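In: Here is my input, please return the structure:
(2 chains)
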2 protein chains.
Amino acid sequence: MILTVTLNTALDLTYGVPELVPHASHRVSDMSERPGGKGLNVARVLSALGHETVVTGFAGGSTGAVLRELLAGLPTDAAAPETAPAPITDALVTVAGNTRRTIAVVDRATGDTTQLNEPGPLVTTDEWTALLGRYEELLAGADAVALCGSLPPGIHVGAYAELVRAARAAGVPVLLDTSGEPLRRGIAARPDLIKPNADELAQLTGSREPMRATRDARRRGAHGVIASLGPDGMLAVTPDGSWQAAPPAKVLGNPTGAGDSAVAGLLSGLVEGLSWPDRLRRAVALSTATVLSPTAGDFDRAAYEELLPRVGIEEHAPAA
Amino acid sequence: MILTVTLNTALDLTYGVPELVPHASHRVSDMSERPGGKGLNVARVLSALGHETVVTGFAGGSTGAVLRELLAGLPTDAAAPETAPAPITDALVTVAGNTRRTIAVVDRATGDTTQLNEPGPLVTTDEWTALLGRYEELLAGADAVALCGSLPPGIHVGAYAELVRAARAAGVPVLLDTSGEPLRRGIAARPDLIKPNADELAQLTGSREPMRATRDARRRGAHGVIASLGPDGMLAVTPDGSWQAAPPAKVLGNPTGAGDSAVAGLLSGLVEGLSWPDRLRRAVALSTATVLSPTAGDFDRAAYEELLPRVGIEEHAPAA
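Out: Numbering: from 1, shown residues only, chains lettered A, B, ... in the order given. Model (predicted):
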């Protein structure tokens, strides 16, 4: 089982409008609602890849109840049994506050998206303690764990460092995917992997030069750093070597969720014992197939299978 | 008791953002959530004026449940008993669909608002029949009724005409506040009052000249027409005479809810047996005090009391 942790889950709403005009009134022409937050997105992709996952983190209030209902209703027995998703188990901790909503307003004329994110519920010390207990129980049965996304109000900035240490004490490989100060603190606890994008890496290290920034991030404590470079693919610097992986061609589409698909690719590859080049192929093919999908955050399975053997891998010489 | 009908109730969310930038991602800096839809706004103002009100219409799903919780929690015993709000009774009909959300995104740099309105739940024929039954029961105890706002999907365009006819058959004065085709059809059923704004009136009659358009609207069936002219106040053309009412000075602020406050002023004045000039004074003072309030849709009581004696009233000569 793969465990994903989403401390700031979200009810993700997508509103289509004919054209977004600031200061005007808009009638929403189409809308959808789904369970969100990075760890839940990772779990959905892992499930589609056939990996049993358990999701924990916080959910509360009426929005949290809707999120859990939608999570329970995700398809688990598709028509084609060979690609039937594996179950996603809800191990979220209930909090008193309301789970946040995020709203993606999609301009149907241009396809551009304007994003509005609520901050999330204020989580109490008791709720955090309950999460820690639940997390330690779940680690006992986990093959790997992903810690994903922003912290809700009330959670101390060193929270991810605490969760990284607990995973390492339990001997469970841990991937940390967050940004800013929670990332800086979390790295110092020595996670197995981090997966920053170019902006997160620059914010962490002060450098926009990928190889230099990635090596700097390793010196700060991360065993392996997989930098996602958008359309240029990924740069992996690990204890076993360094690789650059790139999609066969640049693609146009909606990058929402591409990073979460990459995390699912890396973790599933780790659990299956794939080599680094194969893990990176999977991560790059999944994130490219997510950009290509008409539904934000889902990946296009046919595109994924077609891309997988065509991802370019280049090994870098070890650093001097 | 005054009855208000809101067929398309809404959970109104207000999101403050430092600055709204299309195609960017925004962290919501402050937010509020309240029960909305025009008839619910009218009821809140009536309650603040000391009038017992009953609200009916449709509510459903998780958003409908939150709306009803918030409605039940509206203050009914303020610290100052002389201005304690009167009770608002929830007589909403439960539907299977989800009550819509509306989102007002307020740019805190400029104060400008960008509005996103979900369309509302699909209402079935059985649910409409249930509403008609509830409405006829409630009319028996009502001194006046306001029919407010847009129609949700599934409701036939002549719905307001049906509700106007039922009110007239029950001998209950009825005010209709809607727009477009539902207004056109509703007027033909001869409501006691309509309260269009300049745009709604122009859409109905083809004229932007207030006196001409207001008289045209009366010929279409409305006994009295109260045209709200924004900062210029109101023009009333009724069987008892014609008046123009204007605030003492133009004010700056958020006009959201000003029309609903005017409806509350007109209806409360009718039920209290006030003269037309006094009803208009109240309506103009309330809607101006709503523009001045820091909270969208609430009125500033001190401003209301200060404005009331200063509203200018001018009687027009009868039409030739």
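
In: now A:D278: how far from A:I313?
Out: 9 Å (C-beta to C-beta, to the nearest Å). Every residue, glycine included, has its C-beta placed from N, CA and C.

In: And for A:S275?
Out: Distance from A:S275 to A:I313, by C-beta to C-beta: 10 Å.

In: out of the two, which sits in the more crowded spot?
Out: A:I313 (18 against 13; other C-beta atoms under 10 Å in any protein chain shown).

In: before we move on, which element is the nearest residue to that one once chain neighbours are set aside in?
Out: Leaving aside its chain neighbours, A:I313 sits nearest to A:P277 (4.6 Å; criterion: C-beta to C-beta, 6 or more residues apart in numbering or on different chains). A:P277 is part of helix A:276-292, with elements assigned from DSSP states H and E.

In: And the next helix or strand past that helix?
Out: By DSSP H and E, the next helix or strand past helix A:276-292 is helix A:301-307.

In: how far does that next one sit from the chain's center?
Out: 20 Å (C-alpha atoms, centre = their mean, to the nearest Å).

In: The very next helix or strand once past it - contacts with which helices or strands?
Out: As assigned by DSSP H and E, the chain's next helix or strand after helix A:301-307 is strand A:312-316. Secondary-structure packing of strand A:312-316 (3 or more C-beta pairs under 8 Å, 6 or more residues apart in numbering or on different chains; DSSP states H and E): strand A:241-246, helix A:276-292.

In: Using TSV, lay out these together with mean pLDDT and mean neighbour count.
Out: Output for the helices and strands packed on strand A:312-316, formatted as TSV (pLDDT from 0 to 100; neighbours: other C-beta atoms under 10 Å in any protein chain shown):
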stretch	mean pLDDT	mean neighbour count
strand A:241-246	96	20
helix A:276-292	96	25
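
In: what about the ones you listed, which gets the closest to A:A258?
Out: A:A258 lies closest, by C-beta to C-beta, to one member of these: helix A:276-292, at 4.1 Å.

In: Alpha carbons of the closest one, in CSV - could you do that?
Out: Taking Å, rounded to 0.1, in the frame of the first residue of the first chain, the C-alpha atoms of helix A:276-292 are listed here in CSV:
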residue,chain,number,x,y,z
TRP,A,276,15.8,5.1,-12.0
PRO,A,277,15.6,5.5,-15.7
ASP,A,278,12.4,3.5,-15.8
ARG,A,279,10.9,5.5,-12.9
LEU,A,280,11.8,8.7,-14.7
ARG,A,281,10.3,7.5,-18.0
ARG,A,282,7.1,6.7,-16.1
ALA,A,283,7.0,10.1,-14.3
VAL,A,284,7.6,12.1,-17.5
ALA,A,285,5.1,10.1,-19.6
LEU,A,286,2.4,10.4,-16.9
SER,A,287,2.9,14.1,-16.4
THR,A,288,3.0,14.8,-20.2
ALA,A,289,-0.2,12.6,-20.5
THR,A,290,-1.8,14.8,-17.8
VAL,A,291,-1.0,18.0,-19.7
LEU,A,292,-2.7,16.4,-22.8
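
In: Might you calculate how far it sits from the centre of the chain?
Out: Put simply, helix A:276-292 sits 13 Å off its chain's centre (C-alpha atoms, centre = their mean).

In: Enumerate every residue touching whatever residue of the stretch 151-300 of chain A ends up closest to chain B.
Out: At 10.4 Å from chain B, A:T256 is the closest residue in the stretch 151-300 of chain A, using C-beta to the nearest C-beta. Contact partners of A:T256, counting by C-beta atoms under 8 Å, 6 or more residues apart in numbering or on different chains, are A:104, A:113, A:296-297.

In: In chain A, where is pLDDT below threshold?
Out: Along chain A, the parts satisfying pLDDT under 70 run over A:75-83, A:318-320.

In: Do a quick rundown of the helices in it.
Out: In chain A, the segments counted as helices under DSSP state H are A:38-48, A:61-72, A:125-139, A:159-169, A:180-188, A:198-205, A:210-219, A:258-271, A:276-292, A:301-307.

In: where's the residue minimising distance to the centre of chain A relative to A:A227, distance?
Out: Geometric centre of chain A, nearest residue: A:D260, 3.1 Å, by C-alpha atoms, centre = their mean. For A:D260, the distance to A:A227 equals 16 Å [C-beta to C-beta].

In: Please look at A:D12 and A:R44 and confirm they touch.
Out: No. Using C-beta atoms under 8 Å as the test, A:D12 is too far from A:R44 to be in contact (11.3 Å).

In: gap between the residue of the stretch 151-300 of chain A closest to chain B and A:T295?
Out: 10 Å.

In: now swap in A:P153 and tell me
Out: Distance of A:P153 to A:T295, given as C-beta to C-beta: 30 Å.

In: and if you look at A:S47?
Out: In terms of C-beta to C-beta, A:S47 sits 15 Å off from A:T295.

In: The two: which has the busier surroundings?
Out: Remark: of A:S47 and A:T295, A:S47 carries more neighbours, 22 against 14, as counted by other C-beta under 10 Å.

In: Pull up the residues of the stretch 101-250 of chain A that are close to chain B.
Out: A:103, A:105, A:107, A:112-119 (C-beta under 8 Å from any C-beta of the partner chain).

In: Sort out for me which of those residues are in strands.
Out: The strands, defined by DSSP state E, take in A:103, A:105, A:107, A:113-117 from these.

In: neighbour-wise, which of the residues you listed leads?
Out: A:I103 (26 neighbours).

In: OK, contacts around it?
Out: A:13-15, A:115-117, B:103, B:116.

In: for A:V157, same thing?
Out: A:151, A:181-182, A:185.

In: from those, which is closest to B:A96?
Out: Ranked by distance to B:A96 (C-beta to C-beta), the contacts of A:V157 are led by A:L151 at 37.2 Å.

In: close enough to count as contact, the closest one and A:A159?
Out: Yes. When contacts are counted by C-beta under 8 Å, A:L151 is listed as touching A:A159 (5.9 Å).

In: what touches both of the two?
Out: The contact lists of A:L151 and A:A159 share A:7, A:182, where a contact means C-beta under 8 Å, 6+ apart.

In: Of those two, give the one with the bigger neighbour count.
Out: More crowded of A:L151 and A:A159, by other C-beta under 10 Å: A:A159, with 23 against 19.

In: how about the more buried one, what does it touch?
Out: A:7, A:128, A:151, A:182.

In: Any of these buried? List them.
Out: A:7, A:128, A:151, A:182 (16 or more other C-beta atoms under 10 Å in any protein chain shown).

In: Same list (those residues) but as JSON lines, adding distance to A:I88.
Out: As requested, these are arranged in JSON lines below (distance: C-beta to C-beta, whole Å):
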{"residue": "A:L7", "distance to A:I88": "17"}
{"residue": "A:W128", "distance to A:I88": "23"}
{"residue": "A:L151", "distance to A:I88": "23"}
{"residue": "A:P182", "distance to A:I88": "24"}
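
In: Widest-spaced pair of the residues you listed?
Out: For these, the farthest-apart pair by C-beta to C-beta is A:W128 and A:P182; their separation is 13.8 Å.

In: contacting residues for A:R218?
Out: A:224-225, A:237.

In: Can you tell me which of the residues you listed has the most neighbours?
Out: A:V225 (28 neighbours).

In: ok, it - contacts?
Out: Contacts of A:V225 (C-beta under 8 Å, 6+ apart): A:193-194, A:196, A:214-215, A:217-218, A:236-238.

In: burial of the residue nearest to A:L92 when sequence neighbours are not counted, as a residue count?
Out: In space, and not counting its chain neighbours, A:L92 is closest to A:A59: 4.3 Å by C-beta to C-beta, 6+ apart. A:A59: 29 surrounding residues under other C-beta under 10 Å.

In: so what's A:E69 up against?
Out: Per C-beta under 8 Å, 6+ apart, neighbours of A:E69: none.
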